[in-house]
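>>> When you get a sec, could you give me coordinates for this:
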Amino acid sequence: MYKENPESRIQNSEFRILKIFILLSIVGLLSLVFVLKSVAENPKKRFSETRLLMGTVVEVIVVGDNEKVARKSINDAFSAMERIDRLMSNFKEDSDISRINRGAGMEDVVVDGDVIEVIKKSIYYSEISDGAFDITIGGVEELYNFEDEGRIPEKNKFNNSVSLIGYKNIRINGNMVRLLKKGVKLDLGGIAKGYAIDKGIEAIKKNGVANALVNAGGDIRAIDEGENGQWKIGVLHPRENGKLKDTLILKDLSVATSGDYRKYFVSGGKRYHHILNPNTGLPTEGVQSVTIIAPLAVDSDALATAVFVLGKKRGMELIEKLKDVEGIIIDSDGLVIYSSGVKNYIHN
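Below is the predicted model:
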């Protein structure tokens with residue numbers, strides 16, 4: 001599961017899943033440690049379930065008095081998220097994204113409306129970030145093999161794949177998507193999880209539930225105030241394992257973090273992490289982690305990646321331009337930069 005040698009090290013998906021389950025069994029998922037603690041402090045009933053989905057551990061929590069409604073809400077949330085995963089995973093051969101990729105440079109591909117919506121949202125974030133967020137980076141990510149033990153891409157293949165990166169290679173016509181160049185590959189890993197979380201919350205709300213939280217591997221959206229009047233979410237320190245850097249208070253908000261510590265390998269003494277700069281195809285330097293707070297998880301998910309790639313100066317400038325968005329950036333030296341309004345969400 002966890003493979004290590006002097007030249008290569010990566011935390012692969014199996015190891016990350018195992019690690020999260022161990023944390024669940026001992027002290028609870030770190031990003032939810034305070035949420036779990038609050039159970040004993042209030043008589044409100046809390047119902048939860050955890051499943052493996054989208055390559056990570058997903059937990060759905062519902063707070064209420066009706067167990068039947070709560071259990072149905074949880075199942076409906078998972079069904080909604082599983083549907084998004086089936087549509088948008090590039091690890092499933094029959095997904096819409098895989099079909100789009102196979103047809104690159106050759107044909108228009110008819111896809112589900114949710115796929116159209118996410119691709120349009122992705123293009124929007126590409127535009128406002130000057131290409132720092134770009135879902136056409138899939139071919140380069142594949143070369144690094146981050147999901148296994150990791151590897152340095154072969155030079156010619158790398159250069160060719162980098163030349164194919166560019167969100168302007170995507171054309172949408174009604175319910176059809178075409179990639180204009182053969183070899184272009186989409187990867188929605190920086191946005192689909194957030195979109196799935198939002199769909200899970202929508203499914204919960206349809207059951208009349210107003211107090212819930214969905215956590216997909218640390219990307220979180222909470223509605224209402226939890227069991228004890230507050231959803232408390234811990235932001236992990238990017239270099240000190242198990243240590244919290246900040247604690248956030250969420251109500252009807254989402255939070256997502258992108259970090260260079262989540263998926264990486266080491267070769268020649270250098271860390272190669274999975275947050276790649278679309279302009280170069282290389283791992284982004286200058287930042288250890290970015291945490292974004294926004295109303296919807298699809299936005300916090302995409303922005304966490306975009307801001308990470310932009311770097312602390314341009315990234316914070318983007319955060320400050322956007323309505324109802326706040327952020328925390330930790331740079332490569334460990335310096336923490338807070339957006340102007342984030343103090344309203346930090347628990348002292």
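>>> Endpoints of stretch 252-264, how far apart?
This stretch, stretch 252-264, spans 32 Å end to end (CA to CA, to the nearest Å).
>>> Can you give the distance of the longest helix seen in the chain from its chain's centre?
Longest helix in the chain, counting residues (DSSP state H): helix 67-88. Distance of helix 67-88 from the chain centroid (CA atoms, centre = their mean, to the nearest Å) equals 18 Å.
>>> buried stuff in that helix?
By neighbour count on 16 or more other CB atoms under 10 Å, the buried set for helix 67-88 is 69-70, 72-74, 76-78, 80-82, 84-85, 87-88. From N, CA and C alone the C-beta is placed, and that goes for glycine too.
>>> CA-only coordinates of it in PDB, if you can.
Output of helix 67-88 as PDB, limited to C-alpha atoms (Å, rounded to 0.1, in the frame of the first residue of the first chain):
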ATOM      1  CA  GLU A  67     -34.500   8.400  12.400                       C
ATOM      2  CA  LYS A  68     -36.500   7.100   9.400                       C
ATOM      3  CA  VAL A  69     -36.200  10.500   7.600                       C
ATOM      4  CA  ALA A  70     -32.500  10.800   8.600                       C
ATOM      5  CA  ARG A  71     -31.600   7.400   7.300                       C
ATOM      6  CA  LYS A  72     -33.500   8.000   4.000                       C
ATOM      7  CA  SER A  73     -31.700  11.400   3.700                       C
ATOM      8  CA  ILE A  74     -28.300   9.800   4.100                       C
ATOM      9  CA  ASN A  75     -29.100   7.100   1.500                       C
ATOM     10  CA  ASP A  76     -30.400   9.700  -0.900                       C
ATOM     11  CA  ALA A  77     -27.300  11.800  -0.400                       C
ATOM     12  CA  PHE A  78     -25.000   8.900  -1.200                       C
ATOM     13  CA  SER A  79     -27.100   7.900  -4.200                       C
ATOM     14  CA  ALA A  80     -26.800  11.400  -5.600                       C
ATOM     15  CA  MET A  81     -23.000  11.500  -5.100                       C
ATOM     16  CA  GLU A  82     -22.600   8.000  -6.600                       C
ATOM     17  CA  ARG A  83     -24.400   9.200  -9.700                       C
ATOM     18  CA  ILE A  84     -22.000  12.100 -10.100                       C
ATOM     19  CA  ASP A  85     -19.100   9.800  -9.700                       C
ATOM     20  CA  ARG A  86     -20.400   7.400 -12.300                       C
ATOM     21  CA  LEU A  87     -20.800  10.400 -14.700                       C
ATOM     22  CA  MET A  88     -17.500  12.200 -14.100                       C
END
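>>> for that helix, what is the average pLDDT?
Regarding helix 67-88, the rounded mean pLDDT is 98.
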